[in-house]
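S.K.: Predicted model and sequence follow; I will ask about them next.
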Amino acid sequence: LPWTSVEPTQGQYNFSYFLREGARVKAAGKELLVRINHGGKTCPSWFFAQNPPVYQTIDTNIYRATYGEVVTIALWWSPQYLAASQALISAFGAALGGIADYVAPALNNSFNAEWTIFSGESNDATELKALGYTSNVLLDATMVLTQAYLAAFPNSLAPVAIGTVPKGLSSDQFKPVKDY
């Protein structure tokens, strides 16, 4: 579910869908994987009202509902985004940590919850670099969010899906940071 659905007002969480469906899954003797998409276009309006640093781009993916539209995305390495995400993750873990077998962390995203940052258009890469993007910034933000998920869900496995970084954004090489 998107962040807007579970925290429409800052600090007021509604995990009823996860709790209801999680109970059904567990009653059927199945394992439960949970995920909240908490970035990109899923950021709630209260978050944007706090004027976090943002980036705007045109969605060039013909398969998304926002195709051709200007999409505003919070910079996923900004302290405001990281703090709000950590609060959400902590509340999510408090509500579901006892029943979730797996948690699928949503990390550093733009349109969805994977590392498909943008279309790779040169305008996007140039602007993101001007706003402070580097591979190290991406890795640092990833570490913050990964640690938040691991703390919130200490008894759950946390598989992380990693995609590619579009052409023009990776100015330095990615190196393994830590094995979990």
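M.R.: Arrived safely. Numbering: from 1, shown residues only.
S.K.: how about the strands in the protein?
M.R.: Ranges of strands in the chain, per DSSP state E, are 33-34, 54-58, 70-74, 102-103.
S.K.: could these go into JSON lines alongside mean pLDDT and distance to Arg20?
M.R.: Where you see a C-beta, it was placed from the backbone N, CA and C, and this is true even at glycine. Formatted as JSON lines, those follow (pLDDT from 0 to 100; distance: least, Cβ to Cβ, whole Å):
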{"stretch": "strand 33-34", "mean pLDDT": "87", "distance to Arg20": "12"}
{"stretch": "strand 54-58", "mean pLDDT": "84", "distance to Arg20": "34"}
{"stretch": "strand 70-74", "mean pLDDT": "85", "distance to Arg20": "29"}
{"stretch": "strand 102-103", "mean pLDDT": "87", "distance to Arg20": "18"}
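S.K.: Nearest to Ser16 among those would be which one?
M.R.: With Cβ to Cβ as the measure, strand 33-34 is the member of the strands of the chain nearest Ser16 (13.1 Å).
S.K.: Give me the contact list for that closest one.
M.R.: Contact with strand 33-34 is made by 18, 22, 92, 96, 100-104, as judged by Cβ atoms under 8 Å, 6 or more residues apart in numbering.
S.K.: hang on, the earlier thing: I'd like the strands of the chain laid out as TSV, including mean neighbour count.
M.R.: Shown next, in TSV, are the strands of the chain (neighbours: other Cβ atoms under 10 Å):
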stretch	mean neighbour count
strand 33-34	20
strand 54-58	16
strand 70-74	17
strand 102-103	19
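S.K.: The lowest-mean-pLDDT helix or strand in the chain: how far from the chain's middle?
M.R.: Least confident helix or strand, the chain: helix 122-130 with a mean of 75, by mean pLDDT, DSSP states H and E. Put simply, helix 122-130 sits 20 Å off its chain's centre (Cα atoms, centre = their mean, to the nearest Å).
S.K.: before we move on, back to that, of the contacts of strand 33-34, just the buried ones, PyMOL syntax please.
M.R.: Buried residues within the contacts of strand 33-34, by 16 or more other Cβ atoms under 10 Å, are selected in PyMOL with:
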select buried, resi 18+22+92+96+100+101+103+104
